[in-house]
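K.L.:
make a model of this:
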Amino acid sequence: MDADVVVMGAGFAGLSAARDLRERDRSVIVLEARDRLGGRTWTAPIPGTDVLAELGGAWFSRAAQPNLADEIARYGVGVRRSAEQTYAWIAGGRLRSGPSVRADWAAAMGELREPLAATGGRVRDLLAGGDLGAAADDDVSVIEWLARQDVSTEARDYLLAFTATMGGAPPAAQSMLPMVLDSIDADYTFDSAFEDISESFTDGTKSLADAIGEGLDVRFDTVVERVRGSADEVAVDVRGGGTLRAAALVVALPLNVWADVNFEPPLADPKRRAAERRHAGAVTKVVAVAAGVPAGFIGTGWGIPLETVAAMYEVEDGVLLVGFGIQDPPDASDRGAVQDALRLFAPDAEVFASGAHDWISDPYSKGTWLAVPPGWLSDGTFAALGQPEGRIAFAGSDIASEGAGWIEGAISSGHAAAAHVLGLLRGDR
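P.N.:
Below is the predicted model:
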């Protein structure tokens with residue numbers, strides 16, 4: 001065989017799994033379709049500048065995400081917190097700004113405190129019993145869940161803007177249940193998330209990806225077209241010809257590209273159906289250098305091009321700004337359009353440069369981070385995605401049992417996949 005294990009994908013899940021396996025003296029080959037490490041994280045300069053920005057995943061909380069915290073401590077990677085935050089809110093077509101906005105958010109979410117607590121309580125009880133099947137009434141779209149609540153327009157609009165940003169998908173396309181689960185798992189409330197999850201890497205996600213990947217045998221620009229499993233080995237056929245054989249395989253690709261790989265025998269029905277449908281992540285993340293906006297500025301609103309804007313920290317000529325749009329986002333390459341969108345929150349803002357990466361059209365992601373469609377949790381689809389099949393284990397932020405959608409989930413699922421494969425290679429499974 002070419003290696004004990006082949007790992008498909010060099011994002012944080014694949015890198016963590018490969019590193020763990022190598023440390024247990026297993027030979028590992030990592031196949032990566034891109035020309036870089038990191039998967040759906042990507043530290044790159046904003047066009048026309050030397051300012052590095054995160055085009056993909058960026059924020060985290062070491063306090064609530066222990067696997068990522070362990071990796072950061074292990075490699076001594078630098079971390080920064082966002083600047084002290086100031087706020088703006090477009091509600092009811094009116095711009096509000098200043099210290100009172102934070103209290104206004106809390107008041108709006110206060111209208112939903114009881115139904116959110118009720119959903120959370122039911123989820124906790126079901127999780128304790130290991131069964132989410134009875135959660136079907138809560139496993140509905142954000143729109144359907146919200147329609148059951150008697151709340152003000154302000155509360156409705158804040159929740160829609162928040163779920164569009166945090167969930168990364170249209171509220172009609174994502175389930176409310178995983179949003180509640182995520183807030184429990186990552187220890188934030190809907191009105192405090194921007195404060196609770198406000199850490200980022202001083203030198204970009206690339207700094208940690210490079211540290212984990214140091215010394216690994218990574219084959220870049222290698223696209224897997226077919227996987228053939230048998231009782232004794234897994235054969236991986238790559239584009240352009242060539243086959244790698246190994247005793248086990250870790251699939252650490254985004255869920256939305258699973259359908260592009262021909263698995264023989266086919267994947268189990270829940271995996272195959274989910275891969276064909278795809279998760280709903282489809283937000284546009286815009287990065288920009290702007291002036292006229294203080295570091296730490298947070299603005300949110302519904303029915304506008306960017307549901308959320310966040311000024312992360314000061315850079316030359318201004319601040320590094322990040323914006324998220326789901327309904328009608330501006331063309332990130334059009335500096336004027338980005339500036340117009342930003343000025344809805346900060347009328348004096350001036351954008352010097354802007355850009356984005358189109359993760360939805362990217363053939364190796366076909367979507368942004370995980371946004372779980374309604375029904376996937378309660379009907380067992382999501383739980384089935386991480387189940388091993390024969391000599392194949394699965395890893396990734398999209399299928400993680402904890403921290404799904406975050407770098408934390410990618411790393412934790414990588415650990416789990418490596419542990420399973422080690423047992424398989426020892427003959428324990």
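
K.L.:
wait, what's in contact with V224?
P.N.:
M8, L31, A33, V236, D237, V238, R239, V261 (C-beta atoms under 8 Å, 6 or more residues apart in numbering). All C-beta atoms are positioned from the backbone trio N, CA, C, and that covers glycine.

K.L.:
repeat the analysis, applying 7 Å as the threshold.
P.N.:
Residues in contact with V224 (C-beta atoms under 7 Å, 6 or more residues apart in numbering) are M8, L31, V236, V238, V261.

K.L.:
quick one: the second one and M8 touch, right?
P.N.:
Yes: taking C-beta atoms under 7 Å as the definition, L31 is a contact partner of M8 at 5.3 Å.

K.L.:
which helix runs longest in this structure?
P.N.:
The longest helix of the chain (DSSP state H) is helix 407-426.

K.L.:
now it - C-alpha only, PDB.
P.N.:
What follows is helix 407-426, C-alpha atoms only, in PDB (Å, rounded to 0.1, in the frame of the first residue of the first chain):
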ATOM      1  CA  ILE A 407     -12.900  25.500  13.500                       C
ATOM      2  CA  GLU A 408     -13.500  23.900  16.800                       C
ATOM      3  CA  GLY A 409     -15.800  21.300  15.200                       C
ATOM      4  CA  ALA A 410     -13.300  20.600  12.400                       C
ATOM      5  CA  ILE A 411     -10.500  19.900  14.900                       C
ATOM      6  CA  SER A 412     -12.700  17.800  17.300                       C
ATOM      7  CA  SER A 413     -14.000  15.700  14.400                       C
ATOM      8  CA  GLY A 414     -10.500  15.200  13.100                       C
ATOM      9  CA  HIS A 415      -9.400  13.900  16.500                       C
ATOM     10  CA  ALA A 416     -12.400  11.500  16.500                       C
ATOM     11  CA  ALA A 417     -11.700  10.200  12.900                       C
ATOM     12  CA  ALA A 418      -8.100   9.600  13.800                       C
ATOM     13  CA  ALA A 419      -9.000   7.700  16.900                       C
ATOM     14  CA  HIS A 420     -11.500   5.500  14.900                       C
ATOM     15  CA  VAL A 421      -8.900   4.800  12.200                       C
ATOM     16  CA  LEU A 422      -6.300   3.800  14.800                       C
ATOM     17  CA  GLY A 423      -8.700   1.300  16.300                       C
ATOM     18  CA  LEU A 424      -9.400   0.000  12.900                       C
ATOM     19  CA  LEU A 425      -5.800  -0.400  12.100                       C
ATOM     20  CA  ARG A 426      -5.200  -2.200  15.400                       C
END
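
K.L.:
what sits up against it?
P.N.:
Contact with helix 407-426 is made by 4-5, 11-14, 16-17, 20-21, 24, 26, 41, 57, 60, 65, 67-68, 71, 247-248, 250, 252, 386, 388, 391, 393-397, 399-400, 402-403, 429, as judged by C-beta under 7 Å, 6+ apart.

K.L.:
same question, stretch 67-77
P.N.:
Contacts of stretch 67-77 (C-beta under 7 Å, 6+ apart): 60, 62, 79, 201, 207-208, 211-212, 407-408, 411-412, 415.

K.L.:
export that stretch as PDB, just CAs?
P.N.:
Extracted in PDB, the C-alpha atoms of stretch 67-77 (Å, rounded to 0.1, in the frame of the first residue of the first chain):
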ATOM      1  CA  ASN A  67     -10.100  21.600  21.200                       C
ATOM      2  CA  LEU A  68      -9.100  24.800  19.400                       C
ATOM      3  CA  ALA A  69      -7.800  26.300  22.600                       C
ATOM      4  CA  ASP A  70      -5.500  23.200  23.100                       C
ATOM      5  CA  GLU A  71      -4.100  23.600  19.600                       C
ATOM      6  CA  ILE A  72      -3.500  27.300  20.000                       C
ATOM      7  CA  ALA A  73      -1.600  26.600  23.300                       C
ATOM      8  CA  ARG A  74       0.300  23.700  21.800                       C
ATOM      9  CA  TYR A  75       1.800  25.800  19.000                       C
ATOM     10  CA  GLY A  76       2.000  29.100  20.700                       C
ATOM     11  CA  VAL A  77      -0.100  30.800  18.000                       C
END
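
K.L.:
what are the ranges of the helices in this structure?
P.N.:
According to DSSP H, the helices that the chain contains are 12-23, 66-75, 100-110, 113-128, 142-147, 153-167, 176-185, 193-196, 205-213, 269-277, 335-343, 381-385, 407-426.

K.L.:
now tabulate the ones you listed in JSON lines and tack on mean neighbour count, mean pLDDT and distance to V322.
P.N.:
Converted to JSON lines, these look like this (neighbours: other C-beta atoms under 10 Å; pLDDT from 0 to 100; distance: least, C-beta to C-beta, whole Å):
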{"stretch": "helix 12-23", "mean neighbour count": "26", "mean pLDDT": "98", "distance to V322": "20"}
{"stretch": "helix 66-75", "mean neighbour count": "17", "mean pLDDT": "98", "distance to V322": "19"}
{"stretch": "helix 100-110", "mean neighbour count": "17", "mean pLDDT": "93", "distance to V322": "19"}
{"stretch": "helix 113-128", "mean neighbour count": "14", "mean pLDDT": "83", "distance to V322": "26"}
{"stretch": "helix 142-147", "mean neighbour count": "18", "mean pLDDT": "97", "distance to V322": "22"}
{"stretch": "helix 153-167", "mean neighbour count": "23", "mean pLDDT": "95", "distance to V322": "10"}
{"stretch": "helix 176-185", "mean neighbour count": "22", "mean pLDDT": "90", "distance to V322": "19"}
{"stretch": "helix 193-196", "mean neighbour count": "18", "mean pLDDT": "87", "distance to V322": "11"}
{"stretch": "helix 205-213", "mean neighbour count": "21", "mean pLDDT": "98", "distance to V322": "13"}
{"stretch": "helix 269-277", "mean neighbour count": "16", "mean pLDDT": "98", "distance to V322": "29"}
{"stretch": "helix 335-343", "mean neighbour count": "20", "mean pLDDT": "98", "distance to V322": "11"}
{"stretch": "helix 381-385", "mean neighbour count": "21", "mean pLDDT": "95", "distance to V322": "28"}
{"stretch": "helix 407-426", "mean neighbour count": "24", "mean pLDDT": "97", "distance to V322": "16"}
